[in-house]
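*Asks:* Pasting a predicted model and its sequence here:
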Amino acid sequence: MTASSYEGLAEVASRYKEMEQHRHRDIEGIKRMLKWSPVDSPLHTGWCGIIESLQSIMNQISNELSEIPFDQDDWTEFEQYVAQLEDAIANALRRIDAEGLFGSGDKRKRVVVNLLMGDQSDESRIEFAKRVNPPESVIMLIEDLDA
């Protein structure tokens, strides 16, 4: 699980600016490059202690996934399974959001909650974001990805 903040983004961008390969870049360009890179956030995996109770469930899902004999030539079953997982995650995020964890009113509109995975297209990020965020948050994500 990952979280990101503008403060963390500024911190990481400053560290990147010190690296030889990024010295030629301006700090705002580095921030744009890193903004939606979850593994570059100083808060990446910082929530592990909070969600330890979910670890056994996640292990079960991982074990179940590895035991399912998916047809290697037909990805339909696998894609259906992933869709079910995404639905469960979206439902959980909407419930948490309804409890106000991500803020309310204008504050909530400045937060983007999303499911990020490796090799994920921007379109996939946007589609999932639409499922769990107010329209203003999705617009912010789209603008950032277009920049």
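*Replies:* Thanks, I have it.

*Asks:* Just want the most central residue of the protein.
*Replies:* For the chain, the residue whose C-alpha lies nearest the mean C-alpha position (CA atoms, centre = their mean) is residue 116; its distance is 3.5 Å.

*Asks:* Just give me the longest helix of the chain.
*Replies:* Selection of the longest helix in the chain by residue count, based on DSSP state H, yields helix 76-98.

*Asks:* name the helices or strands packed onto the helix or strand just after that one?
*Replies:* Proceeding C-terminally, helix 76-98 gives way to helix 105-109 as the next helix or strand, assigned by DSSP states H and E. Helix 105-109 makes packing contacts with helix 135-146 when contacts are defined by 3 or more CB pairs under 8 Å, 6 or more residues apart in numbering; DSSP states H and E. For every residue, glycine as well, the C-beta is placed using N, CA and C.

*Asks:* ok, and what's touching the helix it packs on?
*Replies:* Among residues not part of helix 135-146, those counted as contacts by CB atoms under 8 Å, 6 or more residues apart in numbering are 32, 35-36, 108-114, 122, 125-126, 129-130, 133.

*Asks:* sorry, back to before: now do the longest helix of the chain, average pLDDT.
*Replies:* Predicted confidence along helix 76-98 averages 88 (mean pLDDT).

*Asks:* Next, the buried residues of it.
*Replies:* Within helix 76-98, the residues that qualify as buried by neighbour count (16 or more other CB atoms under 10 Å) are 86, 90, 93, 97.
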